[in-house]
Structures are given as structure tokens and as C-alpha cells.
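K.L.:
Using only what follows, build the 3D model:
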Amino acid sequence: MKFLIWVLVVIYFTLLIFLTQHTGWIEMVVYPYLLNHGFTYYKDLIMPYPPLLLWVLQSVEKVFGYSPMVLIVLSLLLGLLNTWLIYFFSLKIWKSNKLALSSVFIYSLWFFFFEGNGLWFELFQTPFILAAFYFLYDYFFMSEKEQVKKLFLAGLFLGIAFFIKQNVVWLMILSFGLCLIYKRANLIKVVTWLALPFLGLLVLTSAVAYLGGYLNEYWQWAFNYSFLYFPTSPGHNAYPTLADLSRVAIVLVCLLPMLFGKFSFKKLFLLLFLLGAFMSALPRWGLFHLQPFLAVLALVTPEYIGQWLGKKPVIKGVLVVGVLLIWIAIVTRQDLRMFNKPIRFFEPQIYSQAMQISNLGTDSIYILNGSDQIYPISGTVPKVKPYVQNFAWYLEYDGLQDQVISSLQSVKPKLIIVSPFQEPAGFGIGHYRPQKILEYVNQNYQVKGLIDSNVVWEKK
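P.N.:
Just a heads-up that it's a prediction; the model follows:
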């Protein structure tokens, strides 16, 4: 029976991954492509994230190619891995196969609703955050022995998650706080064993950056920029609307049974860990940022739902069945809406544009406010460095437009491809106009023609 269930899970994930719309996030293809074609981390390639995921993608895509199909397969493997980890950890914590399968059901049901069909940093973080959660839970509630080992492993997996994306800093702060207020904890033990893996990873990534000649840039973009400028930078903030929160609230119904009964340190731990995972979606809201939150939610809630059903099971069972039917209806509607749609950001017209650009007979091009995925599709490499996406939160940063203009003056690309800007002008994606760069283009280039809606500017 267990084997059959896992066969069904694999079939379910495979069908939905390949039959519903995949989001091919541009950075997941363009960044590895540029890094494998002479660009240096942080110095030539502006990004505000630590390097661990890019290290992996750089190696994988160098072998298998710069195609969204690689991202689709990776998303499938990560979804299945997360599902198995949820089952395994649930079985370890709750000692119940039924509860473990309930956790698998919740995660599998909502995985695609939370935009799991698209490789992004949070999806890659999820296995490590699940492991960190388990070892912290083990440290607090399961074993009296090997406490130092549990702390170290929790710190290790939180550290790995941090060097994938820094939003896990909230989980790290809350984990430190919980350890410090726990009766068996002491300051020296917590600081030493929970922080030691993070410090080791910091030294490791800094050493790699030093050997690569980009240590200063690494610290500037991954730490100084990310923590001091990025959260409040122009155009970056995108807080959830009431409609966004209502969509999440439907899932959070499964948390309600936790609010009944006696409050305990265990409930405090679970709720704060969920809170830390939820805060990773801020300040730039997106359901795909909540993949770690969904995984932990699926892991912890079935036990409390089961306890709640223990009293008056018939009445409460009817409520649970009603909620499940609503859940399935919402998720099914979402899946049908996304059924058989082309890969987002890699639609047929993008390939058509890439082909037309290839036919221009030059690789000396620069794309502005356009589809940067055209670079790997057409096999062209921008010679303008640093490569920076046309987002206000980058190009409004002090001196960055001047660096791009300096490179444009030096490289003198033959053609500049400019996608039309949306109205009204502002800091939003598609609306943002980098004034200094546009002035340089207007002064030094003239319109040659169109590729679909993209304007081709030629060097005067």
C-alpha cells in the first residue's frame, strides 16, 4: 500500500509539473549562462543573493544546457524530495503513518497553488529548512542525548538555507531566541553550536570569493546592499493585498486546531517557526516565496487536527470534509487555469525574437528593458559589464547607471534592443526608465527597425 501511494505521488507531481504552466524565472537561466561565459560573480553580474544556488545551477546547466526544461526537471525533483522529507520527518515526530500521509496530502495539494512549478530560491531552500526544523524539534522535545549535535545540525541547515537566500535570517533570529529561553539552553552553547556552521559557511563562501577576485563585491551585494538598501529600494516593495491574504487564509484554516487547548512551549516553537518562514515572503510578496512555510505547515498541522477531531468527531469530521472539498475545488480551478499553457517567460514569441536577433548577423548587442533570456536562446553574450537587469532597485543604486554607461562607451555594442516601456512611468517592472542610460542611447544610437514590438537601435 505504501509503495502504491508513493507511485501515485510521483505520477501526480510529474503530470502537473509537465501539464501546467511552468514559470521559467529568467535569473535561473541567464545567471548561470553568463557565469559560464566569462562573467564574474557580483563584479560583472549584479545580484543581491548568496552564491550557493548559482554554484549548483552553473554546474548543472553547463552539462544539460540553458533550457527551461532543466528547470522543470529540477522543480519536479525538488517537489518530490520535499514531499518525502515531510513524510519522513512527520513519521519521526508524530509516530503515525496516517499523520505522515496527511502531511503529504496537504503539501502535495497546495504545492502548485503556491507556484511550486517554477524553480526559485525558496523552493531550493525548502529541504534545508525542513531539516533545520526537524533537528531543532528533536533538540527541544525528542531526545535528551546528543543535544550539541542537534544544535549543530540545525545551525548547519539554517546556514545552508541562508547562503541560498538571506530571507532565512528571520528563522535564525527566532531559533536563537527560542534556544536562549529554553530551560536547558545556555548562551555559550547556543552561540557556539548554532552559530558555528553559519560562520564556517561565511568563511567558505568568502574564501571562494577572495580566490575569484570578487570578495569586496560579494560583501557589498550579498550583505551590505541586501540588508541595508534592498528591502526599501525603489520598486522593490510589494506587500500583499487583502485578496492575496485571503488566498493564504484559506490554507491557514488548518492552523486553527493549534489554538485550542493548553498553550505550551511546543506550540510557541511551532508558531514562531511558521512565522519566521512566512516572513520570508516580505517585503516583496509572492506565493512562491512561501514554499518553505507551506512545507512546515503541512508537517506540523495534522497532529493538532487529529487531536481536535478526538472530541465530537462526527460534527468536526463534517467540517473537515467541507474544508477539504473547498481546498480541492480551489486548487483544481487553479490547475485548470494553468493547464497546457506555454512556459512563462519562454513563450514561442520569445524564441521567434531570438531567431530574428540571430539573423541580424552580429553578436554585439545589448538588451534594455527586454527579454534577457534571449541571450542564452540566441547564443549571444552581452559584452556590457556589469550585467544588471532593468529594475529600479538596481539601477537607482548609487553609481550603477554610470558603470553601465562607462561600459557602453568602451564596448560600443552595434545594436541595442529596447522593449517598449509601460505607462505610466514609475519604479515598477516594465514601467521603470533608467534616465541616464536612455539619454546615452538617444545621443549615440538611432532607430534601425523593429523586432515585434522591440525597437532596434543602431550605433550612429
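
K.L.:
A strand includes Leu450, no?
P.N.:
Yes. Under DSSP: H, G, I helix; E, B strand; the rest coil, Leu450 falls within a strand.

K.L.:
isn't it right up against Trp457?
P.N.:
No. The criterion here is C-beta atoms under 8 Å, and Leu450 misses it with Trp457 at 10.9 Å. Just so you know, the C-beta spots here come from the backbone N, C-alpha and C atoms, and that holds for glycine as well.

K.L.:
Run a quick neighbour tally on Val447.
P.N.:
11 (other C-beta atoms under 10 Å).

K.L.:
Let me know the secondary structure of it.
P.N.:
Relying on three-state DSSP, one would call Val447 strand.

K.L.:
Quick check: beta-bridge partners of it?
P.N.:
Trp457 (DSSP bridges).

K.L.:
more crowded one of Leu450 and Trp457?
P.N.:
Of the pair Leu450 and Trp457, Trp457 is the one with more neighbours under other C-beta under 10 Å, namely 21 against 10.

K.L.:
where in the stretch 151-300 of the chain is pLDDT low?
P.N.:
Residue ranges of the stretch 151-300 of the chain with pLDDT under 70: 183-185.

K.L.:
what is the mean pLDDT for the longest helix belonging to the chain?
P.N.:
When the chain is parsed with DSSP state H, its longest helix is helix 68-94. The pLDDT scores in helix 68-94 average 97.

K.L.:
tell me which residues in that helix are buried?
P.N.:
Under the neighbour-count criterion of 16 or more other C-beta atoms under 10 Å, helix 68-94 has 68, 70-76, 78-80, 82-83, 85-87, 89-90, 93-94 buried.

K.L.:
centre of the chain versus the helix or strand just after that helix, how much separation?
P.N.:
As assigned by DSSP states H and E, the chain's next helix or strand after helix 68-94 is helix 97-111. Counting by C-alpha atoms, centre = their mean, to the nearest Å, helix 97-111 is centred 22 Å from the centre of its parent chain.

K.L.:
Could you do stretch 202-221 as well?
P.N.:
22 Å.

K.L.:
May I have the distance across it, first residue to last?
P.N.:
End-to-end distance of stretch 202-221 (C-alpha to C-alpha, to the nearest Å): 14 Å.

K.L.:
Show me how the chain divides into domains.
P.N.:
Per automatic domain parsing, the structural domains of the chain span 2-337, 348-459.

K.L.:
Straight-line length of the first one, end to end?
P.N.:
Between the opening and closing residues of domain 2-337 we find a distance of 32 Å, counting by C-alpha to C-alpha.

K.L.:
still on that earlier bit, which neighbouring elements make contact with the longest helix of the chain?
P.N.:
Helix 68-94 sits against helix 2-19, helix 27-35, helix 52-64, helix 97-111, helix 121-137, helix 291-309, with contacts defined as 3 or more C-beta pairs under 8 Å, 6 or more residues apart in numbering; DSSP states H and E.

K.L.:
What are the buried residues along the third one?
P.N.:
Of the residues in helix 52-64, those with enough neighbours to count as buried (16+ other C-beta under 10 Å) are Leu52, Leu53, Leu54, Trp55, Leu57, Gln58, Glu61.

K.L.:
just checking, what packs against it?
P.N.:
Applying 3+ C-beta pairs under 8 Å, 6+ apart, one finds that helix 52-64 contacts helix 27-35, helix 68-94, helix 121-137.

K.L.:
After the last one, which helix or strand is next? Please name it.
P.N.:
Using DSSP H and E, the helix or strand that follows helix 121-137 in sequence is helix 147-162.

K.L.:
between the next helix-or-strand element following that next one and helix 121-137, how many degrees?
P.N.:
Later in the chain than helix 147-162, the nearest helix or strand by DSSP H and E is helix 169-181. Per axes from the mean of the first three to the mean of the last three C-alpha atoms, to 10 degrees, the angle that helix 169-181 makes with helix 121-137 is 10 degrees.

K.L.:
Render the CA-only coordinates of helix 169-181 in CSV, please.
P.N.:
The C-alpha atoms that make up helix 169-181 are tabulated as CSV, following Å, rounded to 0.1, in the frame of the first residue of the first chain:
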residue,chain,number,x,y,z
VAL,A,169,17.6,35.4,8.7
TRP,A,170,14.2,35.6,10.5
LEU,A,171,14.3,31.9,11.2
MET,A,172,17.8,32.2,12.5
ILE,A,173,16.9,35.0,14.9
LEU,A,174,13.8,33.2,16.2
SER,A,175,15.7,29.9,16.6
PHE,A,176,18.4,31.7,18.6
GLY,A,177,15.7,33.3,20.8
LEU,A,178,13.9,30.0,21.4
CYS,A,179,17.1,28.3,22.3
LEU,A,180,18.0,31.0,24.8
ILE,A,181,14.7,31.0,26.6
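
K.L.:
residue contacts, Pro50?
P.N.:
Phe162, Phe163, Ile164, Lys165, Gln166, Thr205, Ala222 (C-beta atoms under 8 Å, 6 or more residues apart in numbering).

K.L.:
biggest separation within those residues, which pair?
P.N.:
Lys165 and Thr205 (13.2 Å; C-beta to C-beta).

K.L.:
what's the neighbour count on the residue nearest to Gly426 when sequence neighbours are not counted?
P.N.:
Spatial nearest neighbour of Gly426, excluding adjacent residues (C-beta to C-beta, 6 or more residues apart in numbering): Tyr432 at 6.8 Å. Burial measure for Tyr432: 22 neighbouring residues, criterion other C-beta under 10 Å.

K.L.:
before we move on, what SS does Tyr66 have?
P.N.:
Tyr66 is classified as coil under three-state DSSP.

K.L.:
Check the burial of Gly310 by counting its neighbours.
P.N.:
Residues near Gly310, counting by other C-beta under 10 Å, number 8.

K.L.:
How confident was the prediction at it?
P.N.:
Gly310 is given a pLDDT of 78.

K.L.:
ditto for Asn444
P.N.:
pLDDT, Asn444: 97.

K.L.:
how about it, what does it touch?
P.N.:
Applying C-beta under 8 Å, 6+ apart to Asn444 gives the contacts Leu408, Lys459, Lys460.

K.L.:
Then Phe88?
P.N.:
By C-beta under 8 Å, 6+ apart, Phe88 lies in contact with Ala100.

K.L.:
What distance do you get for it to Trp94?
P.N.:
Using C-beta to C-beta, to the nearest Å, Phe88 is found at 12 Å from Trp94.

K.L.:
Show me the common contact partners of those two, please.
P.N.:
Common contact partners of Phe88 and Trp94 (C-beta under 8 Å, 6+ apart): Ala100.
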